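[1] curious how this folds, go ahead:
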Amino acid sequence: MRVIIVDDEAWARRRIASLLESEDGVQIAGECASGAAAVEAILELRPDLVFLDIQMPDLTGFEVLEAVSPQYTPAVIFATAYDSYAIRAFDANAIDYLLKPWEEDRFRTALARARRQIDSATVDRFDALLESVRAMAPRRYLERVVVRNGGRVVFLKTHEISWLEASGNYVNVHTRGEAHLLRDTLARLESQLDPQHFLRIHRSAIVNLDYIGHLEPWFAGELALSLKDGTRLTVGRSYCDRLRRLFQNWAE
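    Below is the predicted model:
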């Protein structure tokens, strides 16, 4: 069983590592001190199990899971110092959680539970976990999008995205003259983007309202929309009325 330990506190990583060293059949594949490093390690090393902290300076444990494609999501034991609203959701959906500072017996129990479940399907369980957390938490929209660019993991701030374009099973994320390919669906991204800033204008396109330059009539009842960088997009007929109302509200 290949394990990655993720915690921004060195003492916590050392504690978990020392407890795992005496376990048969366990290999520590890596240790990470940040959420960003955890995303890269999970995608590269494909561990069976991750001990994952929740509160970290760059990304939360939830954001780490959301940044990893579902097919690569490992089993997770959460390790946290915060007994917050999320713990109730973990109790129902996660493999286990450890509340710092944990006792050795409690650690062994969590690890044994992970061993029993490590060969079962984890994607549906973690989808349910994330949905439970989202349902219990105040609505938060994406502030960053994680994409792979060659061998690197790139974090794009959503306010820097000018528009998004569906491309089969992928989405082209356009920002500052560059396009980044993201394995996701436009519909899922639309549900996670702040509607105060992002608007669906076509079945295959979403635009950042802050990047709209001007709007003009097009063929067959459609509209043509130009972004400030000169990009020209077609607005589908079923989306035109909503966009016209938006422009009218801006004018008032």
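[2] low-confidence bits of this structure, can you list those?
    Along the chain, the model assigns pLDDT under 70 to residues 69-71, 83-94, 119-139, 220-221, 249-252.
[3] is the most centrally placed residue in it in a helix, a strand, or coil?
    Nearest to the geometric centre of the chain sits Glu66, at 2.7 Å (Cα atoms, centre = their mean). Under DSSP: H, G, I helix; E, B strand; the rest coil, Glu66 falls in the helix class.
[4] what about it, distance to Ala112?
    Here the criterion is Cβ to Cβ, to the nearest Å. By it, Glu66 lies 28 Å from Ala112. All C-beta atoms are positioned from the backbone trio N, CA, C, and that covers glycine.
[5] what do you get for Ile28?
    Ile28 sits 18 Å away from Ala112, going by Cβ to Cβ.
[6] please apply the same query to Ile212.
    Applying Cβ to Cβ, the value for Ile212 to Ala112 is 56 Å.
[7] higher neighbour count, those two?
    Ile212 (21 against 12; other Cβ atoms under 10 Å).
[8] for the more buried one, give the beta-bridge partners.
    With DSSP bridges as the criterion, Ile212 is bridged to Leu227.
[9] likewise Val3?
    With DSSP bridges as the rule, Val3 is bridged to Ile28, Leu49.
[10] distance of it from Pro217?
    Val3 is 60 Å from Pro217, where distance means Cβ to Cβ.
[11] neighbour count for these two, which is higher?
    Neighbour totals were compared for Val3 and Pro217, and Val3 leads with 25 against 9 (other Cβ under 10 Å).
[12] so the more buried one makes contact with Glu31?
    No - Val3 is not in contact with Glu31 according to Cβ atoms under 8 Å; the separation is 9.6 Å.
[13] where along the stretch 51-200 of the chain do the strands fall?
    75-80, 96-99, 144-149, 152-157, 163-167, 170-175, 178-182, 198-202 (DSSP state E, counting those that start in this stretch).
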